[in-house]
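Peer 1: no sequence on this one, just coordinates:
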């Protein structure tokens, strides 16, 4: 396996790998990683679909990419996915899968056209004082000290950030900034989370910092991710004979670890209460999804609080068993061992009439029934004790919605703190009580909140004990390689497998691990697209520097005539031209801003 850049290999069609007709594949879990791996096995590995089996404990595919309507409770989405241009493996995958709605178009085509016609942005990112604009003005508000701290983390080695918390490398000045407010609520980072993951995110999305405050960097699907992504992928796989074996809890994977060679030899499971499994030869490939951010999720309803389930967690228990056999298989306890630091809660609210949508429109400044972008991403109530954020995506968010309904996603980072209106922690609140707290931050008059929460909305809370487990401070070796050294027939996929330079909590990460696993195990003669290299592009670095400074130019020391002389000398170099063009030094005399329309800098 190797990485590639550019379109030489991107458009190449690999030849059929030697011996693939004698191989089969068993995939543990039916999340995005397994669905992607199955597609890559068929498309690029040219394996027959009837030789692929996906094992899933639940009776539905998709993993964390969920979206469903329960008959009594209402619509439920545990989380949403923020997408961007440079998810190279994801878009490579979805170019193959046909759209369910547009004839002769792929899922990628459908998504691309949608976001051209209806580009994303937000008109109000932060509120306070019951729905009023917080006046952040899409600025980062970083002090000189905070800017230097970001640069310091950016330039630090990975080893220097290992096992460190965010609040160990950033001061209170940074943590009080608009930048951190935007960042932590958009990505669900806490101050005790990994400084290494923070660093990786800075590198991975440096090209998007300009569109970060107003969310113009983001793109979204037409519907929830289950209907927009999972269903088309599943249909494509079923049409090619892939078996989905539901109701199957994988309890163990056995290995032969003799010498330098590592082979998976058996998958054990419990299906419909009966123990079973399959023996694996060298020709039987095992894709093992380890860990789970949605494991032990518990739903409440409008009248019932969600429960924090700290009991047995099959996905984590499976990884623990596997990890105990070889130090190369990772250290799951690093991620799942402190639920108090990895939990938070979300809620899906469905409005039942026109009363609440009027308040949504006041903040979004867009008609929520238009079918187009509404909030453009999350809106954060800065003064919320829960640090509540909420979003309204394009409606309908579910195909089964009534024309009068709006589906809203709500989440809180601080689930143990009493609310501003409801004097209870979010964790202890029913769907109705969470609705009351949300309506308070939406600006509904206090005396109208109880009745409106009771009759105008139906809300389903979901508590997730492990939802930010992958952000826990870690070091090299805590996550196993996608294909461990010496493996002949197995790979680890998903958010807890280790791949190069990419960052977790993204759809791209799951798809990337699936592609790498397939290409390496089968010897596919096509490069895996490398992570977008904006972190090595001086233009993006200069542009992001300007953005982080909220457009303020660099302060060049010395008297004005010396500054002008320096700027003019700079302009005679490529670096000087770039500094001027990206507004880091002033345009004076011979120095002028040059047209950069030939750059792909958005």
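Peer 2: That came through, no problem. Here the structure is a predicted model, which means the values were calculated and not measured. Numbering: from 1, shown residues only.
Peer 1: So what touches stretch 115-123?
Peer 2: 214-216, 218-220, 364-366, 372-373, 375-377, 379, 394 (CB atoms under 8 Å, 6 or more residues apart in numbering). From N, CA and C alone the C-beta is placed, and that goes for glycine too.
Peer 1: repeat that for 6 Å
Peer 2: Residues outside stretch 115-123 that contact it (CB atoms under 6 Å, 6 or more residues apart in numbering): 214-216, 218-219, 365, 372-373, 375-377.
Peer 1: Could you work out the most separated pair of the residues you listed?
Peer 2: 219 and 365 (20.1 Å; CB to CB).
Peer 1: neighbour-wise, which of the two wins?
Peer 2: residue 219 (20 against 12; other CB atoms under 10 Å).
Peer 1: contacting residues for that one?
Peer 2: So residue 219 contacts 83, 115, 120 (CB under 6 Å, 6+ apart).
Peer 1: Is it bridged to anything, and to what?
Peer 2: With DSSP bridges applied, residue 219 shows beta-bridge pairing to residue 83.
Peer 1: Return the set of buried residues in the longest helix that the chain contains.
Peer 2: In the chain, assigned by DSSP state H, the helix with the most residues is helix 507-522. Within helix 507-522, the residues that count as buried by 16 or more other CB atoms under 10 Å are 507-522.
Peer 1: Equivalent analysis for stretch 440-448, please.
Peer 2: Applying 16+ other CB under 10 Å to stretch 440-448 flags 440-442, 444 as buried.
Peer 1: Next one: residue 433 relative to residue 316, how far apart?
Peer 2: 30 Å (CB to CB, to the nearest Å).
Peer 1: picking that back up, could you check how far the longest helix of the chain is from the centre of its chain?
Peer 2: The chain centroid and the centroid of helix 507-522 are separated by 16 Å under CA atoms, centre = their mean, to the nearest Å.
Peer 1: Report the mean per-residue pLDDT for the following helix or strand past that helix.
Peer 2: Using DSSP states H and E, the helix or strand that directly follows helix 507-522 along the chain is strand 528-529. Average pLDDT, strand 528-529: 96.
Peer 1: which residues sit against the helix or strand that strand 528-529 is followed by?
Peer 2: Next in sequence after strand 528-529, counting helices and strands by DSSP H and E, comes helix 538-548. Helix 538-548 is contacted by residues 140, 142, 147, 206-207, 209-210, 534, 578, 582-584, 601 when judged by CB under 6 Å, 6+ apart.
Peer 1: Show the average pLDDT along helix 538-548.
Peer 2: 91.
Peer 1: what's the answer for stretch 64-71, then?
Peer 2: On average, stretch 64-71 scores 84.
Peer 1: gap between the two ends of that stretch?
Peer 2: Using CA to CA, to the nearest Å, one end of stretch 64-71 lies 21 Å from the other.
Peer 1: Check stretch 450-462 too.
Peer 2: So stretch 450-462: terminal residues 21 Å apart, CA to CA.
Peer 1: pLDDT score assigned to the residue nearest to residue 59 when sequence neighbours are not counted?
Peer 2: Leaving aside its chain neighbours, residue 59 sits nearest to residue 246 (4.7 Å; criterion: CB to CB, 6 or more residues apart in numbering). We have a pLDDT of 97 for residue 246.
Peer 1: correct me, but residue 351 touches residue 406?
Peer 2: Yes. Counting by CB atoms under 6 Å, residue 406 is a contact partner of residue 351 at 4.4 Å.
Peer 1: Show me what the longest helix of the chain packs onto, helices and strands only.
Peer 2: helix 32-43, helix 88-94, strand 490-493, strand 528-529 (3 or more CB pairs under 6 Å, 6 or more residues apart in numbering; DSSP states H and E).
Peer 1: Look at residue 11 and report its pLDDT.
Peer 2: So, for residue 11, pLDDT stands at 91.
Peer 1: could you say which helix or strand contains it?
Peer 2: Going by DSSP H and E, residue 11 is not part of any helix or strand.
Peer 1: For it, grab phi and psi.
Peer 2: Dihedral angles of residue 11 (phi, psi; degrees, to the nearest 10) stand at phi -100, psi 0.
Peer 1: Distance check, it against residue 4.
Peer 2: Where residue 4 is concerned, residue 11 sits at a distance of 11 Å (CB to CB).
Peer 1: higher neighbour count, the two?
Peer 2: With neighbours defined as other CB under 10 Å, residue 11 and residue 4 compare such that residue 4 has more, 15 against 8.
Peer 1: Hmm, the more buried one is touching residue 527, no?
Peer 2: Yes. Using CB under 6 Å, residue 4 makes contact with residue 527 at a distance of 2.6 Å.
Peer 1: low pLDDT regions in the stretch 501-602 of the chain?
Peer 2: Applying pLDDT under 70 to the stretch 501-602 of the chain flags residues 556-572, 588-591, 602.
Peer 1: List the buried residues for stretch 222-233?
Peer 2: Going by 16+ other CB under 10 Å, stretch 222-233 has these buried residues: 222-233.
Peer 1: Can you report how many residues neighbour residue 215?
Peer 2: Residues within reach of residue 215, counting by other CB under 10 Å, total 25.
Peer 1: State the helix or strand in which it lies.
Peer 2: Using DSSP H and E, no helix or strand contains residue 215.
Peer 1: Residue 414 too?
Peer 2: Counting by DSSP H and E, residue 414 is found in no helix or strand.
Peer 1: got it, and residue 451?
Peer 2: Secondary structure (DSSP H and E) places residue 451 in helix 449-455.
Peer 1: Report the distance from that helix to the chain centre.
Peer 2: On CA atoms, centre = their mean, the centre of helix 449-455 falls 33 Å from that of its chain.
Peer 1: Could I get the average pLDDT for that helix?
Peer 2: 98.
Peer 1: Check stretch 133-145 too.
Peer 2: Per-residue scores along stretch 133-145 average to 96.
Peer 1: Pull the residues that contact that stretch.
Peer 2: 124, 126-128, 173, 177-179, 213-214, 382, 548, 550.
Peer 1: same thing with stretch 339-347?
Peer 2: Counting by CB under 6 Å, 6+ apart, 78, 192, 310, 410-413, 415, 426, 434, 459, 461-463, 465-469 sit against stretch 339-347.
Peer 1: how about a cut-off of 8 Å?
Peer 2: 77-79, 188, 190, 192-193, 306, 308, 310, 335-336, 409-413, 415, 426-427, 431, 434-435, 438, 459-469, 471-472.
Peer 1: Poorly predicted segments of the stretch 101-250 of the chain, please.
Peer 2: For the stretch 101-250 of the chain, applying pLDDT under 70 flags no range at all.
Peer 1: What ranges does it have for its helices?
Peer 2: 107-117, 144-155, 158-161, 166-169, 172-175, 178-187, 195-204, 225, 231-239 (DSSP state H, counting those that start in this stretch).
Peer 1: Which elements pack onto the fourth one?
Peer 2: Helices and strands in packing contact with helix 166-169 are listed as helix 144-155, helix 195-204; criterion 3 or more CB pairs under 8 Å, 6 or more residues apart in numbering; DSSP states H and E.
Peer 1: Residues contacting it, please?
Peer 2: Counting by CB under 8 Å, 6+ apart, 149, 152-153, 156, 161, 175, 189-195, 198 sit against helix 166-169.
Peer 1: Now do the buried residues in that helix.
Peer 2: For helix 166-169, by 16+ other CB under 10 Å, it's 166, 169.
Peer 1: likewise the second one?
Peer 2: Taking 16+ other CB under 10 Å as the neighbour-count basis, helix 144-155 is seen to contain the buried residues 146-147, 149-150, 153.
Peer 1: The fifth one too?
Peer 2: Counting neighbours by 16+ other CB under 10 Å, one finds that the buried residues in helix 172-175 are 174-175.
Peer 1: distance between stretch 460-473 and the chain's centre?
Peer 2: 13 Å.
Peer 1: That one: end-to-end distance?
Peer 2: End-to-end for stretch 460-473, by CA to CA: 31 Å.
Peer 1: wait, what's in contact with residue 439?
Peer 2: Going by CB under 8 Å, 6+ apart, the list of residues near residue 439 reads 356, 359, 421, 449, 452-453, 457.
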